[in-house]
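Build the 3D model from these lines:
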Amino acid sequence: MAVPVPFLVLCACVLGLYRGVEATPDALSSLDASFCQGGLEVVYPELDVDECLVISKDLREKMSTVWNAPNVYFPGARTNQMYVLLMVDPDAPSRAQPKAAYWRHWLVVDVQGDALKKGQIRGTALTNYQRPTPPQTSGFHRYQFMLFEQHPDAPVSLTKQEKSSSAKWDLWAFITRFDLGEPVATVQFLTQNFKA
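Next comes the predicted model:
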């Protein structure tokens, strides 16, 4: 079976095969820009993330200290479909040495498709939203949102070990365990510590 090229690029971005690619404050690498697909939109009070982007310096402090969980829109959501939404940092504690990757910042299951069309998250949080707070000298981090279709008769949960820590989450084992397949939509932003 042939694997679609966009999925291979997505895997390369998520797996961090290109760790040497570093974003600058003004631009994304072409690889980082290629991660976003499917029309997922993440909306904070003063920021609409509907494409891969670098967070401007004036918004970094609000994102790390003030803003709570964003609204998430997916216009392509099917009304009777349930979804799994996750947010991870594959660059913890730094992109050069991601020893704590994947850091799980948010995990919501049983997300109702009709709510996603309206920018609402109606589901069960297995990991409550954690603001992006990269360490001060760690450079830029990618914060990736992925949306998966959830099988109707397969409850999604975290193991006892996964519940004990958000760090070093085996994202691919989780995806495989619940047969989530490839994400239907993804988006990411890059940011660094607001004091940097």
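
Against residue 72, how distant is residue 185?
Residue 185 sits 10 Å away from residue 72, going by Cβ to Cβ, to the nearest Å. Just so you know, the C-beta spots here come from the backbone N, C-alpha and C atoms, and that holds for glycine as well.

Residue 39 reaches residue 51, doesn't it?
No. Under the criterion of Cβ atoms under 8 Å, residue 39 is not in contact with residue 51, lying 10.0 Å apart.

out of residue 185 and residue 72, which sits in the busier spot?
Taking other Cβ atoms under 10 Å, residue 185 and residue 72 do not tie; residue 72 has more neighbours (26 against 23).

returning to what we had before: between residue 39 and residue 51, point out the one with more neighbours.
Neighbours were counted for residue 39 and for residue 51 using other Cβ under 10 Å; residue 39 has more, 16 against 13.

so who does the more buried one touch?
Contacts were defined as Cβ atoms under 8 Å, 6 or more residues apart in numbering; by that measure residue 39 touches 50, 74, 75, 76, 185.

How about the second one, nearest residue that isn't a chain neighbour?
Yep, that's residue 74 we're talking about. Leaving aside its sequence neighbours, residue 74 sits nearest to residue 116 (Cβ to Cβ, 6 or more residues apart in numbering; 4.3 Å).

Equivalent analysis for residue 178, please.
Once flanking residues are discounted, residue 178 sits nearest to residue 156: 5.1 Å by Cβ to Cβ, 6+ apart.

Give me the secondary structure label for that neighbour.
Secondary structure state of residue 156, per DSSP: H, G, I helix; E, B strand; the rest coil, is coil.

quick one, phi psi at it?
When read as degrees, to the nearest 10, the backbone of residue 156 gives phi -100, psi 130.

That one contacts residue 148, doesn't it?
No. With contact defined as Cβ under 8 Å, residue 156 does not count as touching residue 148 (9.1 Å).

Touching both of those two, which residues are there?
Common neighbours of residue 156 and residue 148, counting by Cβ under 8 Å, 6+ apart, are residue 84.

With neighbour numbers in mind, choose between these two.
Taking other Cβ under 10 Å, residue 156 and residue 148 do not tie; residue 148 has more neighbours (24 against 20).

Can you list the buried residues in stretch 73-87?
For stretch 73-87, burial by neighbour count (16 or more other Cβ atoms under 10 Å) applies to 73, 74, 77, 82, 83, 84, 85, 86, 87.

what's the overlap in contacts for residue 185 and residue 72?
Common neighbours of residue 185 and residue 72 (Cβ under 8 Å, 6+ apart) are 40, 147.

gap between the helix or strand harbouring residue 187 and the chain center?
Using DSSP states H and E, residue 187 maps to strand 185-191. Chain-centre distance of strand 185-191: 6 Å, with Cα atoms, centre = their mean, to the nearest Å.

and which of the buried residues of stretch 73-87 is nearest to residue 67?
Distances from residue 67 to the buried residues of stretch 73-87, taken as Cβ to Cβ, are shortest for residue 87 (13.1 Å).

next one: phi and psi at that closest one?
Backbone torsions for residue 87, taken as degrees, to the nearest 10, come to phi -130, psi 130.
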